[in-house]
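Visitor: using only what follows, build the 3D model:
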Amino acid sequence: MTDAANAQSATDQKLKEAYFTASQGQLIWQRFKKNKSALIGAWTLIVLIMSGFFAPMLTPYDATIAGRDKDYLNGAPQIPQFCDDNGCSARPFIYTFERTRSIKTNFRWVTEVKTGLEDRRYVTFFAKGMEYTFFGIPMERHLFGVDKGMIHIFGTDSTGKDIYSRTLTAINTSMAVGTIGVFIAFVMALIIGGIAGYYGGWIDSVLQMITDTVRTIPSIPLFMALAAFIPDVWSAEMRFFFISLVLGFIGWPTLARRIRTHLLTERNQEYVLAAQLCGASPKHIIRRHLLPSFTSYIIVDLVISFPYMVLSETALSFIGLGLKDPVNSLGVMLQNVTSADVLLNYQWYFIPVIFFIVLVLAFVFVGDGLRDAADPYSDSKK
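Guide: Numbers count the residues shown, from 1 in each chain. Below you'll find the predicted structure:
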């Protein structure tokens, strides 16, 4: 046998040893990496989440009314360029504009762009701008800006607020609502599903009655009743926290049922009986033995439930029952695209819709990839 064959045989042996000695998390990761769509979704998700988290630095202006451009209401996107009829520049630039209302367009804004070299406004990076706080540290540097005036790469809305700044801030807000809602649903599902699955009997019957009751509550009438309950004097922060609680308290039954089903199967296994004979308490058995036996499936359920939480927040805010201005969320921004006037004249209002679709699809692809990777029989199915 040649040296090359010996080396190849040794490599194969190491791979086999690594496979059989790998942890469950390592096996899931190896399977997940083979799913290209899930991997692309994961990177897309990371980029969107980080963009929302670092929104104050990545955006040039405040997403609230404080950062509005009163001279550019319902303004079209301003795309930086390097070349035009006046020649090329090493620095990207936009042109100065002049806005007037015309009787020919039913008194709508008409933007006239000045195209002289002296009218160029050059894009600057890490420019000084509006002050903001990041982890309690006051900062004033933004990723980009212009040397004169303001720049709006996604355009502005009817109040002059920068849509690019609002979009990234809205992603962060919707993700925060989804995170709080998923966390509440996760804790309730673990407690209720764990108790029902471990004890069974009349305890299981009572808890399943409660679970079925929550599942059968119609969402739209519930949300309308809650919207009528929320006082108008509540601050944006209170409304934000309340919506997160509501989404969490109605989102736990599905995961609780799955946990209960798994525990009903596993509670009669020998390792559970051994723990009981050693004097372990039910709480210890559930926490240290039963739940870790299907941790990967719980993680998959959590990832899959994220887009539904984001969709729920968006739907609530879209129909006016959730978050409202001055809070920036994807649902709040989608309220602006409901009129025919926007569809005909202000198409840039739909840019946040694209981000919303990409965010939900990324979650779906990652969730599907994790579900397949966590299946121990996925390799044998191929």
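Visitor: what mean pLDDT does the helix or strand containing Asn172 get?
Guide: Per DSSP states H and E, Asn172 falls inside helix 163-199. On average, the pLDDT along helix 163-199 is 86.
Visitor: contacts for the very next helix or strand once past it?
Guide: Per DSSP H and E, helix 163-199 leads on to helix 201-216 as the next helix or strand towards the C-terminus. Contacting residues not belonging to helix 201-216 are listed as 192, 195-197, 249-250, 252-254, 256-257, 260, 264 [Cβ atoms under 8 Å, 6 or more residues apart in numbering]. Where you see a C-beta, it was placed from the backbone N, CA and C, and this is true even at glycine.
Visitor: run the last query once more with 10 Å
Guide: 188-189, 191-193, 195-199, 249-254, 256-257, 260, 263-264 (Cβ atoms under 10 Å, 6 or more residues apart in numbering).
Visitor: quick one: distance of the helix holding Asn172 to the chain centre.
Guide: Averaging C-alpha positions (Cα atoms, centre = their mean, to the nearest Å) puts helix 163-199 11 Å from its chain's average.
Visitor: buried residues in that helix, which are they?
Guide: By neighbour count on 16 or more other Cβ atoms under 10 Å, the buried set for helix 163-199 is 163-178, 180-182, 184-186, 188-190, 192-198.
Visitor: and the angle for that helix with helix 201-216?
Guide: If you take axes from the mean of the first three to the mean of the last three Cα atoms, to 10 degrees, helix 163-199 sits at 160 degrees to helix 201-216.
Visitor: residues near Lys33, how many?
Guide: Per other Cβ atoms under 10 Å, the neighbour tally for Lys33 reads 13.
Visitor: from here on, count from 627
Guide: Noted, 627 is the first residue going forward, which turns the last one into Lys659.
Visitor: quick check: Gln961 vs Val979, distance?
Guide: Per Cβ to Cβ, to the nearest Å, Gln961 is found 11 Å from Val979.
Visitor: same check on Tyr923?
Guide: With distances taken as Cβ to Cβ, Tyr923 is found 33 Å from Val979.
Visitor: go on, Lys950?
Guide: 19 Å.
Visitor: what does Gln973 give?
Guide: Applying Cβ to Cβ, the value for Gln973 to Val979 is 11 Å.
Visitor: ok, Ala689 next?
Guide: Computed as Cβ to Cβ, the Ala689 to Val979 distance reads 17 Å.
Visitor: tell me the domain ranges of the chain?
Guide: Here the chain is described, according to automatic domain parsing, as comprising the domains 693-786, 792-1007.
Visitor: ok now the longest one, how far from the chain's centre?
Guide: What it means is domain 792-1007. Centroid separation between domain 792-1007 and its chain, computed with Cα atoms, centre = their mean, is 12 Å.
Visitor: do the same with stretch 781-791
Guide: Centre-to-centre, stretch 781-791 and its host chain are 21 Å apart (Cα atoms, centre = their mean).
Visitor: and it, C-alpha only, in CSV?
Guide: Provided in CSV are the C-alpha atoms of stretch 781-791 (Å, rounded to 0.1, in the frame of the first residue of the first chain):
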residue,chain,number,x,y,z
GLY,A,781,-36.4,58.8,0.1
THR,A,782,-38.6,60.5,2.7
ASP,A,783,-42.2,60.1,3.9
SER,A,784,-44.9,62.7,4.2
THR,A,785,-43.4,64.2,7.3
GLY,A,786,-39.9,64.4,5.9
LYS,A,787,-38.5,61.5,8.0
ASP,A,788,-35.7,59.5,6.4
ILE,A,789,-37.1,56.1,5.3
TYR,A,790,-33.7,54.4,5.4
SER,A,791,-33.2,55.4,9.0
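Visitor: coming back round to it: more neighbours: which of Ala689 and Val979?
Guide: Looking at Ala689 and Val979 with other Cβ under 10 Å, you find the greater number of neighbours at Ala689, namely 25 against 15.
Visitor: if I look at the more buried one, how far off is Gly957?
Guide: 15 Å.
Visitor: and Lys754, by the same measure?
Guide: Applying Cβ to Cβ, the value for Lys754 to Gly957 is 33 Å.
Visitor: between these two, which is the more surrounded one?
Guide: Remark: of Lys754 and Gly957, Gly957 carries more neighbours, 30 against 11, as counted by other Cβ under 10 Å.
Visitor: who are the contact partners of the closest residue to that one other than its chain neighbours?
Guide: Spatial nearest neighbour of Gly957, excluding adjacent residues (Cβ to Cβ, 6 or more residues apart in numbering): Ser943 at 2.5 Å. By Cβ under 10 Å, 6+ apart, Ser943 lies in contact with 796, 799-800, 803, 869, 949-950, 953, 955-961.
Visitor: ok, so of those, who is nearest Val859?
Guide: Using Cβ to Cβ, Lys950 is the member of the contacts of Ser943 that lies nearest Val859, at 13.0 Å.
Visitor: can you give me the pLDDT of the closest one?
Guide: 72.
Visitor: give me the neighbour count for it.
Guide: By other Cβ under 10 Å, the residues close to Lys950 number 16.
Visitor: isn't it right up against Met959?
Guide: No - using Cβ atoms under 10 Å, Lys950 is not in contact with Met959; the gap is 11.6 Å.
Visitor: any idea how far Phe751 is from Pro706?
Guide: 11 Å.
Visitor: neighbour count winner among the two?
Guide: Under the criterion of other Cβ under 10 Å, the comparison of Phe751 against Pro706 puts Pro706 first, with 15 against 11.
Visitor: my guess is the more buried one contacts Gly771, does it?
Guide: No - with contacts counted by Cβ under 10 Å, Pro706 stays clear of Gly771, the gap being 11.3 Å.
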